[in-house]
Structures are given as C-alpha cells and as structure tokens.
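Chemist: This is the structure alone, sequence omitted:
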C-alpha cells in the first residue's frame, strides 16, 4: 500500500514518514523498529537511474548514484520525495517528472 510520499534517511532519523526505500533502511536500519512500508527497486528503476545520471552528467550536475535510483523509484511510481538533501533540486530542475519536497 504505497502512500504519496517517500521519506529519505535524514527525515526517517527524525521519526517522520510511513514509506521509504530499502536503500534508506540499509542506511538507517533502526527505522524497522516502527511500522513502515519499504519499496524495493525494479529493473525499470535502474534503467531510469541511468537515464537521469547521463542527463545530469552532461549538464555538469551529477548526484550520488543511490540518490539517482531513489529519484527514479519516485518518478516511476509518481511519488513525492521528502528530503533535506538539496542536490535533489538538480533532478527537479532537469527532469519534470520528478517531484520533491526539500525541507530545511
């Protein structure tokens, strides 16, 4: 049961969120102590991540690899990413299908 927002590790640490990815769980396994839904990547997510990375590298705006996969998972599922990582602005600026709420 997917909700509309995926929470990045920095917000999970604060106790926020009901939906995240397996990558965020690996970064912060303590999140499993509470009820949370975990998304797993599919082949289409890795394909989209490659597309994103190629586009961002061409524009001189690279982001960390796992963040490209995280963004791709959100794009492919029409979910909003909630994060404090400002580099996701680069993805939002260059790829109209990506939605993020970047908190301060």
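Modeler: That came through fine. Nothing here was measured: the structure is a model prediction, and the numbers come from that model.

Chemist: Flag every buried residue along stretch 36-48.
Modeler: 39, 41, 45, 48 (16 or more other Cβ atoms under 10 Å). For the C-beta atoms, the positions are set from N, CA and C on the backbone; glycine is no exception.

Chemist: any idea how far residue 36 is from residue 64?
Modeler: According to Cβ to Cβ, to the nearest Å, residue 64 and residue 36 sit 22 Å apart.

Chemist: immediately after the helix or strand of the chain with the lowest mean pLDDT, which helix or strand?
Modeler: Taking mean pLDDT, DSSP states H and E as the measure, the chain has helix 88-94 as its least confident helix or strand, at a mean of 92. Next along the chain after helix 88-94, taking DSSP states H and E as the criterion, comes strand 99-102.

Chemist: helices and strands around that next one, which ones?
Modeler: The helices and strands touching strand 99-102, judged by 3 or more Cβ pairs under 8 Å, 6 or more residues apart in numbering; DSSP states H and E, are helix 65-77, strand 80-83, helix 88-94.

Chemist: Settle this for me: residue 84 is touching residue 103, isn't it.
Modeler: Yes: shown here, residue 84 and residue 103 form a contact pair, counting by Cβ atoms under 8 Å, at 5.3 Å.

Chemist: Pass me the low-pLDDT residue ranges in the chain, would you?
Modeler: Applying pLDDT under 70 to the chain flags the ranges 1-3.

Chemist: Direction-wise, compare the longest helix seen in it with helix 65-77 and give the angle.
Modeler: Taking DSSP state H as the criterion, the chain has its longest helix at helix 43-58. Helix 43-58 and helix 65-77 are oriented at 120 degrees to each other (axes from the mean of the first three to the mean of the last three Cα atoms, to 10 degrees).

Chemist: just how off-centre is helix 43-58 within its chain?
Modeler: Its chain's C-alpha centre and that of helix 43-58 lie 13 Å apart, by Cα atoms, centre = their mean, to the nearest Å.

Chemist: Can you report how many residues lie near residue 93?
Modeler: Neighbour count of residue 93, defined by other Cβ atoms under 10 Å: 12.
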